[in-house]
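> Structural data only, the sequence is not supplied:
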């Protein structure tokens, strides 16, 4: 690799070695040089992988005869037909519809824009201090709105802001530029951010910068886990741990996330064993139940998972999957299917319940126009319930984030689902929080306590029931007192 030249300085050998390590170890898109160099290679138009366990085509079950389902018995009078959901997908987390984005500008256009950038900001480029690079990154970001009619200039400015913020060791500016670039151009922000975390010295120039960088790095863990990239998530946390070493609130969060990923990877590895089993024994009931549950309840890929549940070892799920695969169209049959999913949800692991309820609600919606009276009222209530649970969890999250008065101390809830409890200016516990149903938040404290915070009718007010390690309980009034900027 050619050593790049930046005005006034040659890129250090250590930087090149660091970059080479990223090329060798990371599955991210390769990037050469620096935006301020002539050999810079922009982010590739990445398609974020969402890998699924490899498996042979599932054995299609023979649909259960209609007369084996009581609700499928032909009625004495004609029943209305229903068009069931086309894919029977559960209501997933809303994702904004991407607007039309620009293609990445061509090399010649970028070279012209880079030349203009280096000439226009020659004085700032000479200042390679951390403060200078941070100021340069912000300056370049501030110039972006002025170049909306010139994609090449805009793209190069954003690339420069990303590189300058990495050299400054400040991930927030880097992430802001990456998000803007991904919104305007056909690239994926996650690989850009991940590469930055793997390259930047997370400790930065101060404990405050280190803490901010660790929090930013933690934001990438969940998206990486969603793509089952356990290796990269572990690498990020391994880098975050020493940067968080001096922070009594952040270090336990990083350590617990590392433990969680180990658990998730072990569960994924166990699933891989079932996938391997299906390659040799495609009708194995236990393997079909495990992999089918994963596709339906965790991934929302019901069309892929249902045929597996239909030959799985859980009799109730097997019956429901077979009924759904028979593609019922008569209203009583569709309602019977919706009832089945709804009623089985409480018997499944908590993490799967919302997805199953939402799946059942999709069939209630399809059959709603064909019923009336109390049956329609019940179906409407269940549809609303399935929607409100997800909405409630989101509302709880928005209401929770910030600083609260917590008894004779304070507690700060963060968007990364961590919290810090303080008293008299000292941290007394840290931990993780989780949004539950019925306007409640559960907390697991690092000192062994556990709490359940229930929101009151007045916004920003609540009551916490805390349980000590010895089983004694204590009720605490809680009131929101500020916003969390972390």
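That came through fine. This one's a predicted model, so the numbers in the text were calculated from it and none came from an experiment.
> Okay, and residue 422 sits in which element?
Using DSSP states H and E, residue 422 sits within strand 418-423.
> next structured bit after that strand?
Counting by DSSP H and E, the next helix or strand C-terminal to strand 418-423 is strand 426-435.
> quick one: the strands in the protein?
Using DSSP state E, the strands of the chain run over residues 5-6, 9-10, 402-406, 409-413, 418-423, 426-435, 440-445, 450-455, 461-467, 473-482.
> Quick one, which of the ones you listed gets closest to residue 356.
Set against residue 356 and scored by C-beta to C-beta, the strands of the chain come closest in strand 426-435, at 17.9 Å. Heads up, the C-betas are built off the backbone N, CA and C, glycines and all.
> Show which residues not belonging to that closest one make contact with it.
Contacts to strand 426-435, defined as C-beta atoms under 8 Å, 6 or more residues apart in numbering, come from residues 248-249, 252-253, 256, 393, 396-397, 400, 409, 413, 417-422, 441-447, 449.
> Recalculate using a threshold of 6 Å.
With contact meaning C-beta atoms under 6 Å, 6 or more residues apart in numbering, strand 426-435 is reached by 248-249, 252, 393, 396-397, 417-421, 441-447.
> Could I have the buried ones of those as PyMOL selection syntax?
A single PyMOL command selects the buried members of the contacts of strand 426-435 (16 or more other C-beta atoms under 10 Å):
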select buried, resi 249+252+393+396+417+418+419+420+421+441+443+444+445+446
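> Could you pull up the mean pLDDT of the longest helix along the chain?
In the chain, assigned by DSSP state H, the helix with the most residues is helix 250-280. In this model, helix 250-280 has an average pLDDT of 84.
> same check, this time on stretch 352-360
For stretch 352-360, the mean pLDDT works out to 88.
> Figure out how far it is from the centre of its chain.
On the basis of C-alpha atoms, centre = their mean, to the nearest Å, stretch 352-360 sits 19 Å off its chain's mean C-alpha point.
> And the helices in the stretch 151-300 of the chain?
Using DSSP state H, counting those that start in this stretch, the helices found in the stretch 151-300 of the chain span residues 151-168, 171-184, 189-199, 207-218, 221-226, 230-243, 250-280, 285-293.
> sorry, that was for the stretch 301-450 of the chain
Secondary structure of the stretch 301-450 of the chain (DSSP H, counting those that start in this stretch): helices at 302-309, 315-325, 331-344, 350-367, 373-400.
> what helices or strands is the shortest one leaning on?
Using 3 or more C-beta pairs under 6 Å, 6 or more residues apart in numbering; DSSP states H and E, the elements in contact with helix 302-309 are helix 285-293, helix 315-325.
> Deepest in the core, which of those helices is it.
helix 285-293 (a mean of 22; mean count of other C-beta atoms under 10 Å).
> what angle do that helix and helix 315-325 make?
If you take axes from the mean of the first three to the mean of the last three C-alpha atoms, to 10 degrees, helix 285-293 sits at 60 degrees to helix 315-325.
> all numbers from here: first residue = 60
All set: I'll call the first residue 60, so the last point we hit is now helix 344-352.
> where in the stretch 360-509 of the chain is pLDDT low?
Counting by pLDDT under 70, the stretch 360-509 of the chain contains low-confidence ranges at 410, 448-458, 494-498.
> before we move on, the earlier item: show me what the strand holding residue 481 packs onto, helices and strands only.
Applying 3+ C-beta pairs under 6 Å, 6+ apart, we find strand 477-482 packed against strand 468-472, strand 485-494.
> Who does the longest one pair with, and is each partner parallel or antiparallel?
Next to strand 485-494 in the sheet, as set by DSSP bridges, lie strand 477-482 (antiparallel), strand 499-504 (antiparallel).
> Give me the residues contacting the first one.
Counting by C-beta under 6 Å, 6+ apart, the neighbours of strand 477-482 from elsewhere in the structure are 308, 312, 468-472, 486-492.
> ditto for the last one
Identification of contacts with strand 499-504 by C-beta under 6 Å, 6+ apart yields 459, 488, 490-495, 509-513.
> between the residues you listed, which is nearest residue 142?
Here the nearest of the contacts of strand 499-504 to residue 142, counting by C-beta to C-beta, is residue 494; it sits at 34.0 Å.
> circling back to that earlier point, could you single out the most deeply buried of the helices of the stretch 210-359 of the chain?
Across the helices of the stretch 210-359 of the chain, averaging neighbours per residue (mean count of other C-beta under 10 Å) puts helix 210-227 on top, at a mean of 25.
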